[in-house]
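**Student:** Here is my input, please return the structure:
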Amino acid sequence: MTNTQTFTVSNRLDDRGDIARIRLIPTDGGDIAPFTAGAHLDIYLPDEDIWRQYSLCSDPAETGFYEIGVLKDPNSRGGSVAVHRTAIDGATFKVEGPRNHFPLDETAEMTVLLGGGIGVTPMIAMAKRLHALGKDFVLHYCTRSEDLTAFKDSLDGSDFADKIIYHFDDKDDAQRLDLTRDIPRPSADTHLYVCGPQGFMDWVISTTEGEGHAPANVHREYFSADVELSGDSFEVECSESGVTVTVGPDDTIARALAKEGIKIEVKCEEGVCGTCITDVLHGEIEHRDQFLTEEEREDMDQICACCSRGKGKLVLEI
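**Tutor:** Residues are numbered from 1 along each chain as shown. Coordinates of the predicted model:
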């Protein structure tokens, strides 16, 4: 069971582009739990009764606070708007983590970090760690406009400012990100990390893998995804509890099982956080998530119960 702690907002800075930079300290005092670059926190928003995940952008060497960056997205499902409304100095939140599904390979000879908009947050933590290790890296930071580029003042004042390349949509084509030009040639010792809007990520991943970069070296973390939940009905059998349910066209595995008293923990509801991963003993999976790798999908032994579906019948180890 994940340990839940209470954290207090010790400082909030409203940065460019409707991004709030929020520092959190343990309400009971003391040091924070250590974290590695790429990690995130799960934060509970009681007014909406939802959990949301936010990448840590603070230095992994920091022991006194966590820092996250939250975009106020009018098209969100309520999480970011709630954070902007409630995360004022002194506010408290239930927090789980840190957890890391996006770990940094610190042995790489060259690391390329690609952040689109708010997707730069885990890249900042990675850049701080790579700089501390004396590793070779570059951070490409893409935004719509320089006027909307959060973290720019602190990045420009960092010890690794010469490793950062900005790309703005509203400036000339020559300075925009050109993956063929800006990304090193494929190599076993070159690793790429990408986070940002789904369209940006899909473009980076498909282009770099098309250029020959091994999928295992192109690391990705989706913070949201357009996911289609509906589909044909199918059956789910729970091997340990003996319960069998029908998942209807507009239902999900997690919701259908919850009606029968079988709880699968769900947080993002979009197949990006991995909280609801459940073991599959038998059956054909129709993957809808952005969490599992292609290799993991091919194994057909895990499913994101918040969004993915089955064909015919699935047997889950639950």
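**Student:** Give me the neighbour count for Glu221.
**Tutor:** The number of residues packed around Glu221, counting by other Cβ atoms under 10 Å, is 22. From N, CA and C alone the C-beta is placed, and that goes for glycine too.
**Student:** Okay, and the beta partners of it?
**Tutor:** Beta-bridge partners recorded for Glu221 (DSSP bridges): Cys195.
**Student:** Does Gly196 touch Pro122 like I think?
**Tutor:** No: counting by Cβ atoms under 8 Å, Gly196 stays clear of Pro122, with 10.4 Å between them.
**Student:** Which neighbours do these two have in common?
**Tutor:** Gly115 (Cβ atoms under 8 Å, 6 or more residues apart in numbering).
**Student:** Now do the worst-scoring helix or strand of the chain on mean pLDDT: distance to the chain's middle.
**Tutor:** One helix or strand of the chain scores below all others by mean pLDDT, DSSP states H and E: helix 294-299, with a mean of 86. How far helix 294-299 lies from its chain's middle: 19 Å, per Cα atoms, centre = their mean, to the nearest Å.
**Student:** Over to stretch 164-184?
**Tutor:** On Cα atoms, centre = their mean, the centre of stretch 164-184 falls 23 Å from the chain's centre.
**Student:** Residues in contact with that stretch: which ones?
**Tutor:** With Cβ under 8 Å, 6+ apart as the test, stretch 164-184 has contacts from 110, 112, 114, 127, 138-146, 149, 152, 155-156, 158, 190, 192, 203-204, 207-208, 211, 213.
**Student:** Now a ChimeraX select for only the buried ones of these.
**Tutor:** A single ChimeraX command selects the buried members of the contacts of stretch 164-184 (16 or more other Cβ atoms under 10 Å):
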select :112,114,127,138,139,140,141,142,143,149,152,155,158,190,192,203,204,208,213
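**Student:** give me the low-pLDDT residue ranges for this protein?
**Tutor:** The chain contains residues with pLDDT under 70 at 1-2, 77, 224-226.
**Student:** switch the cut-off to 80
**Tutor:** 1-3, 74-78, 223-227, 267-271 (pLDDT under 80).
**Student:** Tell me where it has helices.
**Tutor:** 79-86, 121-133, 152-156, 179-182, 198-210, 253-258, 294-299 (DSSP state H).
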